[in-house]
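S.K.: can't give you the sequence, but here's the structure:
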């Protein structure tokens, strides 16, 4: 490709102030351009990389026995209703009605579509297991798009779905795990495999493939001893014992002229933060009930853990009005001790979910459900009785569990019978002729986010540094003069390299200074930069520089061809 | 691929009664499965063919200097408003609102998106011309989906957009014309290049690439002498002279107790049909005016031609109430002679559009804008004055212009300045520093419809007959026995062929009769069928049959490999 003809230019003005490196570099180097927020054009350079990533994913999926197909983009809404996901999806589902009144969801993930396809066939045990996948445009009605290709509203995702017995599923899950590791290795991307929460996808367990990065949105903990990693939403918290062997003292109500923060309480009573009870009140819209989370004062509540512990889908903070008027308590002074178990006005029930850490302390203190009144010597079981006790604490890093951040570039989910239970006829015929539900898994990779994560891992202050198997071209051929002899030599070499199957981006622009060409070469980030100038002709040697090296090599033509043809 | 593992089976029950051959065969052979009406899953076999078609299109587009990119699927609606296409598109545009209130169109074609991208760059004459294209999902809110992949509501389209000067456009238009012919040739599809109407795409002229087929929706005429073809919407009609040299006779009003059809009029007066005036009254909602089309009685009005002649976007038939109450005329007795040029109630104007054929007759007859009253000896100019005279007649076939039907599989459009006039900043900087509008073209190919058209052209009563370069696999390897020696031989051959780069669909199913395997092989339609049985081992020769031949050949292994490896 000749730079003079290439659609999509490098820019010194676009995107220079973007905070995220990959966003800035992709924009400046002419790989992407924003349409509306969170929706991008992939320009020719960007699409080439994107296609190469897809090819690598496809190779490994096929090698693992998965079969590619393509599902419709618009999903009949009734399928999503069959699994209750029209209300429970974590991303707002985009919905559309056609002019005949048909309702559709814009596909954000395709579990229902996969099951609906499979149940159209008369599947028997002989057909199991199988694993089908697609590359297709997915839509997420994200409130906040962020950082170029990292969090977008539409993107091409590889999504796969496996069907089989539980036994067969376990094998496929491992195959996908291995395939993903092979994919990210080919892509030059280090990943941690992180146990995570299934969220709106359903099922019991899953693993995220996370590329470590300070700008990533996934926070997780790696066990320094085993190497195993867990997302903050599933990382177990084991609280250290504080004073659990102390004797229980008498419960006391005391006046407490203080503000409403935890710090205010600790200061007023001159007691340690850990001895305080932290109360956080939520409302569960789906089940119409209050959920009071209580936890040791030096801990924070992890809402995902709490949601699971309470068997809820979605929790929102209770309002001041609900706290005062319906529950008769007081913001900043809520207490599990004696709180109304039913709203006075609404009749909505209240459940208390207590974090396991409250078992590590005795004689706690905190509010008394009255303004400016606290309780001292509060003790679990004696003074309040949790409805549910669970680990609902936000994990924090320590010597053993090292806190990391990263970009989630892929995930594999056990779905089990989640969808085959919810959807009718999601069954196969077993050896005895009986109809049995199939056991499922699903497997996703976001192509654009993976592309961005690769840049986050591979760049310097001059630009992108592509791993060679996904670089849009292998060589940046910079022609430093427009003299006829130089042009002729460069044209010849361009043809020769191209014919040898070496992909070349040929900077044939006239009137562009060498420095500008070199800056563009570094920004675009191809593995090799090759210079053709008058000196090339004089010496009959070529100046070749790797993107990762400071120094160029001087090579004759056969050395040049050999170097560029090597893997 | 092993048939025992292949997802998507042949079926003896699904789709057997579908009227369209490609629809029936694609469904029965396991290439596609319907989701909602007009929305299909491409199963693994179907996707393979689809991908091969895409690869062929891409090769020729790239060879012609076009550059691939990928645009967002959701288009900001304001772009479609900028070109007034939210109201004027022939297909209902699908629209969606996100949860932040952003309005989008689901891309059905992407002229505005292409211009919006290009105007983000500072384009100069040095950058021109360029031609950018994509393969992406397109959406059409069709009232009637039809015939499997022939008329669907979502499909992958290759759409390209060229930018340049008028001169440069002409070259690209010819390049695309040639590239399309090369593409369809590679795909084994005969096409006629048919001059057609630009419709809602805009611009002044276009050409459809039409695969001749009796079930096609495009009706067109091929000039037997020049070979040039024209769609019925643009085919010129030159009316034969009837009695234009006759003397004009005196206009006469006569009672006419008759029905309201043309036949009733001819019968009553005992005059030829051609001498009657046919009146068809429309209403133009966008411009709030009546359009009275008048034409020779033996001709029909082509509404597309009429719409253009009247410079309208969309016309609907006038209602009986409008004819009677607003215009004071009478259905079945409308006449251009003395008809009100303005609605009595609404004040909406009326224009008369007269077909050129009315110049070929004298002393015509027809209604008198009164019930049961006709006029005789009506003559143009003397008795009525058309506002517009044009060719608005529906073409019919004859010896020179042969009527054909076919499937529109691609099209190329001159857009000219249509979009650069309507959209702001759709300009480049010329040599003198002046900003000039660019001259555009656009170029589409529907991949799925092309796939279906290929089957319409290549099948027999047993199944599909794929052209070899797009067949999902090259060889159907049928193993007729489950004896160990046969299995081993078949497995070995499968591996050997696969390693030689020959794509094999290996029917390794146990308990399936030879006849059933052969029927599936014919239905799926791969170029070659290869049998492995006990006899193969006994004779050490292979039985190979081309899908297009009745007789098998007996080959030794080296002959076999040679035959299968050949183009």
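M.R.: Cool, got the structure. Quick caveat: nothing in here was measured; it's all calculated off a predicted structure.

S.K.: before we move on, which element is the most centrally placed residue in chain A in?
M.R.: Nearest residue to the geometric centre of chain A (Cα atoms, centre = their mean): residue A:408, 3.3 Å. Secondary structure assignment for residue A:408, by DSSP states H and E: strand A:401-416.

S.K.: Equivalent analysis for residue A:58, please.
M.R.: In this structure, residue A:58 sits in helix A:44-63 according to DSSP H and E.

S.K.: Does anything pack onto that helix? Which helices or strands?
M.R.: The elements that helix A:44-63 packs onto, with contact taken as 3 or more Cβ pairs under 8 Å, 6 or more residues apart in numbering or on different chains; DSSP states H and E, are strand A:67-68, strand A:130-139, strand A:154-164, helix A:166-186, helix A:447-457, strand B:67-68. All C-beta atoms are positioned from the backbone trio N, CA, C, and that covers glycine.

S.K.: let's see it at 6 Å
M.R.: Packed against helix A:44-63, as judged by 3 or more Cβ pairs under 6 Å, 6 or more residues apart in numbering or on different chains; DSSP states H and E, are the following elements: helix A:166-186, helix A:447-457.

S.K.: Can you tell me the SS state at the one residue in the stretch 251-400 of chain A that gets nearest to chain B?
M.R.: Closest to chain B within the stretch 251-400 of chain A is residue A:314: 15.1 Å, counting by Cβ to the nearest Cβ. Taking DSSP: H, G, I helix; E, B strand; the rest coil as the rule, one finds residue A:314 in the coil state.

S.K.: Do you know the pLDDT at it?
M.R.: Residue A:314 is assigned a predicted lDDT (pLDDT) of 82.

S.K.: give me the number of residues near it?
M.R.: As a burial measure, residue A:314 scores 15 neighbours (other Cβ atoms under 10 Å in any protein chain shown).

S.K.: Can you pull the domain assignment for chain A?
M.R.: A:44-73+A:107-235+A:401-456, A:252-390, A:473-565 (automatic domain parsing).

S.K.: Could you tell me the end-to-end distance of the second one?
M.R.: The first residue of domain A:252-390 is 27 Å away from its last residue (Cα to Cα, to the nearest Å).

S.K.: which residues of chain A score low on pLDDT?
M.R.: Counting by pLDDT under 70, chain A has low-confidence residues at A:88-91, A:567.

S.K.: What residues does it have near chain B?
M.R.: Counting by Cβ under 6 Å from any Cβ of the partner chain, the residues of chain A close to chain B are A:7, A:33, A:35-36, A:39, A:41-44, A:47, A:67-73, A:76, A:92, A:94, A:96, A:98-99, A:117, A:120, A:130, A:132, A:137, A:141, A:154.

S.K.: Buried ones among these?
M.R.: Buried by 16 or more other Cβ atoms under 10 Å in any protein chain shown: A:7, A:33, A:35-36, A:39, A:41-44, A:47, A:67-73, A:76, A:94, A:96, A:98, A:117, A:130, A:132, A:137, A:141, A:154, out of those.

S.K.: hang on, residue A:103 packs against residue A:94?
M.R.: No - when contacts are counted by Cβ atoms under 6 Å, residue A:103 is not listed as touching residue A:94 (11.8 Å).

S.K.: Can you show me the helices along the stretch 351-500 of chain A?
M.R.: Shown for the stretch 351-500 of chain A, the helices assigned by DSSP state H, counting those that start in this stretch span residues A:418-422, A:447-457, A:484-499.

S.K.: okay if I get those helices as JSON lines plus mean neighbour count?
M.R.: Below are those laid out as JSON lines (neighbours: other Cβ atoms under 10 Å in any protein chain shown):
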{"stretch": "helix A:418-422", "mean neighbour count": "19"}
{"stretch": "helix A:447-457", "mean neighbour count": "25"}
{"stretch": "helix A:484-499", "mean neighbour count": "16"}
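
S.K.: residues near residue A:445, how many?
M.R.: Residue A:445 has 26 neighbouring residues, counting by other Cβ under 10 Å.

S.K.: quick one: contacts for it?
M.R.: Counting by Cβ atoms under 6 Å, 6 or more residues apart in numbering or on different chains, residue A:445 makes contact with A:57, A:158, A:410.

S.K.: Please compute how far the strand or helix carrying residue A:115 lies from its chain's middle.
M.R.: Using DSSP H and E, residue A:115 sits in helix A:111-118. With Cα atoms, centre = their mean, to the nearest Å as the basis, helix A:111-118 stands 24 Å off its chain's centre.

S.K.: Now do it against strand A:154-164, angle only.
M.R.: Orientation check (axes from the mean of the first three to the mean of the last three Cα atoms, to 10 degrees): helix A:111-118 against strand A:154-164 gives 50 degrees.

S.K.: Provide the angle between the direction of helix A:111-118 and the direction of strand A:401-416.
M.R.: Using the same axes, to 10 degrees: helix A:111-118 against strand A:401-416 is 30 degrees.

S.K.: between helix A:111-118 and strand A:130-139, how many degrees?
M.R.: The directions of helix A:111-118 and strand A:130-139 differ by 140 degrees, with the same axes, to 10 degrees as the criterion.

S.K.: Contacts for helix A:111-118, please.
M.R.: Where contact means Cβ under 6 Å, 6+ apart, the residues beyond helix A:111-118 that reach it are A:71, A:75, A:79, A:80, A:83, A:161, A:163, A:419, A:423, A:426, B:41.

S.K.: Kindly report the same for stretch A:252-262.
M.R.: If you take Cβ under 6 Å, 6+ apart as the criterion, stretch A:252-262 is touched by A:264, A:268, A:297, A:332, A:368, A:372, A:373, A:374, A:375, A:376, A:377.
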